[in-house]
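Undergrad: predicted coordinates and the sequence they were generated for:
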Amino acid sequence: FIDLAIVGTDELIAAGLGDALRRSGIAVVGASRDASKIEWSKSFAKELMAEAGIPTARSESFADAAAAKEGLLRWDAPVVVKADGLALGKGVTIARTLEEAVEALATPPANSGRVLLEEVLEGEEVSLQALVDGETVVALPPARDFKRARDGDTGPNTGGMGAFSPTAVLPDDQAQALADETIVPIAAALKKRGMPYRGVLYAGLMKTADGWKVLEYNARFGDPEAEVMLPRIEGDFAKLLFALGEGRLAEYVAAEPIRFSKRAYVDVVLCAENYPGTPKIGMAVEGLDRLPADVLAFHGATKRGPGGDVLVSGGRVIHMVGSGDTIADARERAYAGAEHVSFEGKFYRSDIAQQEVAVA
């Protein structure tokens, strides 16, 4: 018997798995297919943001890449090219020239289906996730992630190369107030449309010179942010999510207010050779049995071999998460963990959380 289901991947949420499980009488943390359109259609998300008065980048939506190419005549570089649908975190290109934008429009996933052009925002990015039950919104610990494949935020976009929490850019004690500005109006707009949201809503935010602006929404836990945010939530997390799944979130947090640990966490993602292209797979992963103290290993793309050994099965293989009293301590432990685990072709960024340590 299943008491609680947490739908964790974007394609399953978009396929309506949460709806099917709810029809079976199961408590579900996972948006409906209709409500999750806020992630699987960037155009819908922009429409909803306009309706709810959410500050965001100026954008223009096009039926296909050919129309967007014509529309480029109205835009100056740099410009963001966004595939409208799901793209495993790889559907966004920041084109520094119009020639780069044309190239992006001719390349998957932007060359198939609806596409958006968007202004480039400058500032510091933060990920803010919240539990949402209708119009009840409870902020979770903020985090920062690293999307580019290589050090110095260079290379192609990925599903995420690392993350850390907490962050000075959005301190914990300001998280709920910002969720009230950027997530509560979206929850209200969805409910008004007859598609109430029940699950985790992720807001990708940019702190600009003009204030906070929303880059995107995801209808699920962010990855790699979840790996550094979830360990910071104190109390009985299972009971908290069960209350959300049953539609009792407001009642539960009134009796058991959510609390964040002061401990810091840093996630360094170990990737397979050639990621974010087609990764090399099948190699043995070694060292997981001798991790340093205060280091967790979250499996991202592994499987068991015939002999029981752990094998690489995808691009982002293992998340090495270090914890400590400070970001500097947690970072040191995460990288120690990264050195302990080995597989052929392993690579990772060496600058995760570096800027937070530098300003601490």
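TA: Cool, the structure landed.
Undergrad: residue 268 belongs to a helix, doesn't it?
TA: No - read with DSSP: H, G, I helix; E, B strand; the rest coil, residue 268 is strand and lies in no helix.
Undergrad: make 875 the first number, not 1, from now on.
TA: Noted, 875 is the first residue going forward, which turns the last one into residue 1142.
Undergrad: can you pull the contacts of it?
TA: 1035-1036, 1193-1196, 1208-1209, 1211-1212, 1222-1223, 1226 (CB atoms under 8 Å, 6 or more residues apart in numbering). All C-beta atoms are positioned from the backbone trio N, CA, C, and that covers glycine.
Undergrad: rebuild the residues you listed as TSV, extending it with pLDDT, distance to residue 980 and neighbour count.
TA: Conversion of the contacts of residue 1142 to TSV gives the following (pLDDT from 0 to 100; distance: CB to CB, whole Å; neighbours: other CB atoms under 10 Å):
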residue	pLDDT	distance to residue 980	neighbour count
1035	98	26	29
1036	98	30	27
1193	98	33	25
1194	98	37	28
1195	98	38	27
1196	98	41	29
1208	98	38	30
1209	98	38	20
1211	98	40	26
1212	98	36	25
1222	98	31	22
1223	98	28	22
1226	98	32	26
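Undergrad: just the ones in strands from those, please.
TA: Judged by DSSP state E, the contacts of residue 1142 include 1036, 1193-1196 as members of strands.
Undergrad: which residues does the lengthiest helix in the chain contact?
TA: For the chain, the longest helix by residue count, based on DSSP state H, is helix 1201-1214. Residues outside helix 1201-1214 that contact it (CB under 8 Å, 6+ apart) are 1038, 1040, 1137-1142, 1144, 1161, 1164-1169, 1171, 1194-1198, 1222, 1224, 1226-1228, 1230-1231, 1234.
Undergrad: let me have the ones in strands among the contacts of residue 1142 in JSON lines, adding distance to residue 950 as columns.
TA: As requested, these are exported to JSON lines (distance: CB to CB, whole Å):
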{"residue": "1036", "distance to residue 950": "32"}
{"residue": "1193", "distance to residue 950": "39"}
{"residue": "1194", "distance to residue 950": "41"}
{"residue": "1195", "distance to residue 950": "41"}
{"residue": "1196", "distance to residue 950": "43"}
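Undergrad: which one of those is nearest residue 1073?
TA: Proximity of those to residue 1073 (CB to CB) peaks at residue 1193, which lies at 21.9 Å.
Undergrad: hey, what's that closest one bridged with?
TA: Taking DSSP bridges, one obtains residue 1143, residue 1172 as the residues bridged to residue 1193.
Undergrad: re the thing from before, just the buried ones from the contacts of helix 1201-1214, in ChimeraX syntax?
TA: Applying 16 or more other CB atoms under 10 Å to the contacts of helix 1201-1214, the buried members can be selected in ChimeraX as follows:
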select :1038,1040,1137,1138,1139,1140,1141,1142,1144,1161,1165,1168,1169,1171,1194,1195,1196,1197,1198,1222,1226,1227,1228,1230,1231
